[in-house]
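J.: Here is my input; please provide its structure:
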Amino acid sequence: MSRTSPDATFVPLNVAVITISDTRTPDNDGSGDFLAASLEQEGHKVARRKIVKDDRYVLRAEFSALIADDEVSVVLSTGSTGLTGRDVAPEALEPLFDKAIDGFGELFRSASLIDIGAATIQSRAFAGLANGTVIFCMPGSPNACRTAWEEVIRPQLDARTRPCNLANLMPRFRET
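T.: Take a look at the predicted model:
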């Protein structure tokens, strides 16, 4: 079980929050609002925030720009991880990854089981590394984002989390 070390220093990260949707607007983006507020409450900086159309080529272009942006260390995306015809985030984004973080989807579905039961099999939440940028892709519902944030992402983005966290590893992600 992870824990927060009292003698470690918090390291604020620059994070992009991307909502993938054909229907969300800045006025009704509850999941994006939750993630942005949670990041800021923890002390991280929301470096970019955008709503992106659910189209595989638009997604690849937008995420490629974020991956190449030296001001962005982490991308949190919400939406497009289900099974409908418009849900294309895994197909669009996984080819951009240098390495998959398989444990994120596994742990997210395990944590979701408590709230939504067997319906968790419909989630294709996933994560990976691309050019040293950590990318977490979660479902579009605010409850799913809350589960992902509280159970998995928050402790992994906190440099004080022990025994290990992604925040402390980030400088080594770009080593060749």
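J.: Need the distance between the two termini of stretch 97-105.
T.: 15 Å (C-alpha to C-alpha, to the nearest Å).
J.: same deal with stretch 98-107?
T.: End-to-end for stretch 98-107, by C-alpha to C-alpha: 21 Å.
J.: Over to stretch 71-87?
T.: Start-to-end, stretch 71-87 (C-alpha to C-alpha) is 28 Å.
J.: How far does stretch 167-176 sit from its chain's centre?
T.: 17 Å (C-alpha atoms, centre = their mean, to the nearest Å).
J.: Local confidence estimate at the residue sitting nearest the centre point of the chain?
T.: In the chain, the centroid-proximal residue (C-alpha atoms, centre = their mean) is Phe136; its distance is 2.5 Å. Per-residue confidence (pLDDT) for Phe136: 98.
J.: ok, now how distant is it from Glu71?
T.: Distance, Phe136 to Glu71, using C-beta to C-beta, to the nearest Å: 18 Å. In short, each C-beta sits where N, CA and C put it, glycine included.
J.: again with Ile18
T.: Applying C-beta to C-beta to Ile18 and Glu71 gives a distance of 15 Å.
J.: packing partners for the one helix or strand Arg146 maps to?
T.: Using DSSP states H and E, Arg146 sits within helix 142-148. Here helix 142-148 touches helix 30-42, helix 102-116, strand 133-138, going by 3 or more C-beta pairs under 8 Å, 6 or more residues apart in numbering; DSSP states H and E.
J.: For the protein, give me the ranges with low pLDDT.
T.: 1-2, 174-176 (pLDDT under 70).
J.: hmm, back to that, could you look over the helices and strands packed on helix 142-148 and pick the most buried one?
T.: strand 133-138 (a mean of 27; mean count of other C-beta atoms under 10 Å).
J.: can you list contacts of that strand?
T.: Strand 133-138 has contacts (C-beta atoms under 8 Å, 6 or more residues apart in numbering) with 63, 66-67, 72-78, 80-81, 89-90, 93, 97, 101, 104, 108, 125-129, 144-145, 148, 152-153, 166, 170, 173.
J.: returning to what we had before: redo the helices and strands packed on helix 142-148 as CSV? Include distance to Ile51.
T.: Compiled in CSV, these are given as follows (distance: least, C-beta to C-beta, whole Å):
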stretch, distance to Ile51
helix 30-42, 7
helix 102-116, 22
strand 133-138, 15
